[in-house]
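Participant: 3D model of this:
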Amino acid sequence: MLDKNQSKVVLPSWVWKEGRNEKEAKEKAIEYITPNRYPGYKIIEIRGDISL
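Facilitator: Okay, here's the model as predicted:
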């Protein structure tokens, strides 16, 4: 069963400035959401400036 406890993380502006498309933005978001900052977090999708 999937865990329905989801959190939204506001991404910094450099994620979209350095990422030219959604794939690159997701790679930058992965760099930002590290286990040290957000333990146990996993990126499901990116919607605008928010990562789910």
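Participant: Can you name every helix or strand that the helix or strand bottoming out on mean pLDDT in the chain contacts?
Facilitator: Least confident helix or strand of the chain, by mean pLDDT, DSSP states H and E, is strand 50-51 with a mean of 78. Judged by 3 or more CB pairs under 8 Å, 6 or more residues apart in numbering; DSSP states H and E, strand 50-51 is in contact with strand 9-10. The way it works is simple: take the backbone N, C-alpha and C, and place the C-beta from them, glycine included.
Participant: need the next SSE after the strand it packs on, C-terminal direction.
Facilitator: helix 14-18 (DSSP states H and E).
Participant: pLDDT of that following helix, averaged?
Facilitator: Here helix 14-18 scores 83 as its mean pLDDT.
Participant: Buried ones in it, by neighbour count?
Facilitator: Using 16 or more other CB atoms under 10 Å as the test for burial, helix 14-18 gives Val15, Trp16.
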